[in-house]
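Student: here's my sequence, what's the structure:
(2 chains)
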Amino acid sequence: MTLRRTVLPNMPSSSSLTKGLLRHGVVACIAISLALAATPTLAGSRILGTGGVSAIEGAAGGGLSPWAMLSSTASEQEVGVTASATRAWVDDYRLTVSGASVNIYDRVEVSVARQTLDLDTLGGELEQDIYGAKIRLLGDVLYHPWGIWSVGIQHKRLVDGTTPTALGADETRGTDAYLSASKLLFSAFAGRNVLLNASLRNTDANQGGLLGFGGDQGNRAWVAEGSVGVFVTPQWVIGTEYRQKPDNLSVAREDDWQSLYSAYFFNKHLSLTGAWLDLGDIAGLPSQRGGYLSLQAAF
Amino acid sequence: MRRCLIALLFAGSAFTLAGCAHHSTSTTLYERLGGETSIDGVVENFLYRIADDADMVGFFANTNIDYFAASLASKLCDVSDGPCRYEGPPMDRAHQNMGLTDVHFNRLVEHLDAAMQEEGIGLRARNELLGRLAPMYSEVIRLQ
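Tutor: Next up is the predicted model:
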């Protein structure tokens, strides 16, 4: 809770972000206790920034999309834990995400996330839980010529599927599977290191699952996601992400998502990500744009 | 249409970045690192950091430190296109059966970067040297 006192008061809408954090404070507390119990040296030995930040579905990534790296800086024989609080504001919606993840030996990442989408204009809210697992197949983002390759799944369950079902969604739960590759290119742009990431995702989730799964216009499909980031300093990366999306509901046209982001790693334990989002049409309301803030603690 | 343009821009910037990776400057990395004096300074700084690191110092218990320092300096000089040829043992043999893991490799990278930083070497040259050393990971770890 020291984090809350020292960092959050400087940020906009700190009380709402704090509320999101507290709502799932139990998860955070478990995460922090696990961290204290499991890691003798508290910080993992991987290089700063190589765990990315928390993506909105709980996995390590860049915000919108999961990356191949596993969360925290845990390496071989180390266990890492992260907890994150995220808030996105676009024209007619507000998304709050509380997430936690465990990285075991830099081989397996397990994550949970609770997403709450407040429908500011339409009224009401949509909520879903996401249980994720990611396995590093091979490589390393810094040292391997092919970078790091991982596969993952994300099982998503809507808390109340009434609205998505009314919009034409087939299911209120679904599972995404993805293959992701990430690679850092040393000194690739103006002497700065450049981080590339590409993912292929098999999904039937509408708006990431918040509008249910499948629909009258289609079902499972492969979509592509990608990002480019430049480490301006070893602690600060700026970049852009793009996430292709399915378009399964005829009454709620869906667009691809994109962002411009800036993530700052204060140290191996704390990062703050800000982004500008363009999420396109969501549930009949056009051109949703806005801001994004995410705070991650890692042990 | 707008989205298509943005996607193109995205792809375009990726290619531009890849293109920049092949752009070379006329001075050698060795010169940009500050030459022999600077590299010797980095090596010394690096060794002090290892000496202070309880997890790492054990690996050097039976090492002739003067020989190691000279060998490392010549490796860095060679790798950065300086006027030296590294004539020490190959990386896999030099590290074989030491029980090194990613934890140790990462720690060395952190110590080396911190040493370069403290010796006043700029971000560009640091990144470039780390980029040339990174592929040695597979050799160092191969015979563990």
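Student: all helices of chain B, in order?
Tutor: B:2-21, B:29-32, B:35-51, B:54-57, B:65-79, B:91-94, B:102-118, B:123-133, B:136-142 (DSSP state H).
Student: the last one: how far from the chain's middle?
Tutor: So the one you mean is helix B:136-142. Centre-to-centre, helix B:136-142 and its host chain are 13 Å apart (C-alpha atoms, centre = their mean, to the nearest Å).
Student: and the contacts of that helix?
Tutor: The contact list for helix B:136-142, computed with C-beta atoms under 8 Å, 6 or more residues apart in numbering or on different chains, reads A:140, A:142, A:143, A:144, B:90, B:91, B:92, B:95, B:100, B:102, B:105. Backbone N, C-alpha and C define where each C-beta goes, glycine included.
Student: give me the pLDDT for the fourth one.
Tutor: Residue A:144 carries a pLDDT value of 95.
Student: quick one: residues contacting it.
Tutor: By C-beta under 8 Å, 6+ apart, the contact set of residue A:144 is A:138, B:137, B:138.
Student: now, of those residues, which are buried?
Tutor: Using 16 or more other C-beta atoms under 10 Å in any protein chain shown as the burial test, the contacts of residue A:144 include residue B:137 as buried.
Student: which residue is the nearest non-sequential neighbour of residue B:95?
Tutor: residue B:140 (4.8 Å; C-beta to C-beta, 6 or more residues apart in numbering or on different chains).
Student: right, I mislabeled it, should have said residue A:289
Tutor: Of all residues not flanking residue A:289 in the chain, residue A:278 sits nearest, at 5.1 Å (C-beta to C-beta, 6+ apart).
Student: then residue A:211?
Tutor: residue A:164 (4.8 Å).
Student: pull the helix or strand with minimum mean pLDDT from chain A.
Tutor: Within chain A, no helix or strand scores below helix A:2-6, which has a mean of 37 by mean pLDDT, DSSP states H and E.
Student: please confirm that residue A:223 is located within a strand.
Tutor: Yes. Under DSSP: H, G, I helix; E, B strand; the rest coil, residue A:223 falls within a strand.
Student: that one: neighbour count?
Tutor: 17 (other C-beta atoms under 10 Å in any protein chain shown).
Student: low pLDDT regions in chain A?
Tutor: A:1-41 (pLDDT under 70).
Student: now with 50, please.
Tutor: Low-confidence segments of chain A, defined by pLDDT under 50: A:1-22, A:26-28, A:31-32, A:34-40.
Student: same question, chain B
Tutor: Under the criterion pLDDT under 50, the flagged ranges of chain B are B:1, B:4-5, B:8, B:14-23.
Student: what about 90?
Tutor: B:1-26, B:61-63, B:88, B:94, B:96-99, B:141-144 (pLDDT under 90).
Student: the residue nearest to residue A:211: what secondary structure?
Tutor: helix.
Student: thinking it is in contact with residue A:156, fair?
Tutor: No. Residue A:164 is not in contact with residue A:156 according to C-beta atoms under 8 Å; the separation is 11.3 Å.
Student: got the residues of chain A near chain B?
Tutor: A:45-47, A:75-78, A:106, A:140, A:142-145, A:185-194, A:196, A:226, A:228, A:230, A:233-234, A:240, A:242, A:255-256, A:258, A:280 (C-beta under 8 Å from any C-beta of the partner chain).
Student: show me how to select, in ChimeraX, the buried members of these.
Tutor: Typed into ChimeraX, the line below selects the buried ones among the residues of chain A next to chain B, using 16+ other C-beta under 10 Å:
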select /A:45,46,47,75,78,106,140,142,143,144,185,186,187,188,189,191,192,193,194,196,226,228,230,234,240,242,255,256,258,280
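Student: now, the residues of chain A next to chain B that are in strands?
Tutor: By the criterion of DSSP state E, membership of the residues of chain A next to chain B in strands covers A:185-189, A:192-194, A:196, A:226, A:228, A:230, A:233, A:240, A:242, A:258, A:280.
Student: not counting its neighbours along the chain, what's nearest the residue most central in space within chain A?
Tutor: Centre of chain A computed as the mean C-alpha position; nearest residue by C-alpha atoms, centre = their mean is residue A:55, 0.9 Å away. In this structure, residue A:55 finds its nearest non-sequential neighbour in residue A:61, 3.1 Å apart by C-beta to C-beta, 6+ apart.
Student: tell me how far that neighbour lies from chain B.
Tutor: 17 Å (C-beta to the nearest C-beta, to the nearest Å).
Student: pretty sure that residue contacts residue A:54?
Tutor: Yes. Counting by C-beta under 8 Å, residue A:54 is a contact partner of residue A:61 at 7.3 Å.
Student: more neighbours, those two?
Tutor: Between residue A:61 and residue A:54, counted using other C-beta under 10 Å, the more crowded position is residue A:54 (33 against 28).
Student: check the secondary structure at the residue nearest to the more buried one when sequence neighbours are not counted for me.
Tutor: Using C-beta to C-beta, 6+ apart and skipping residues adjacent in sequence, the residue nearest residue A:54 is residue A:84, 3.6 Å away. Recorded secondary structure, residue A:84: strand (three-state DSSP).
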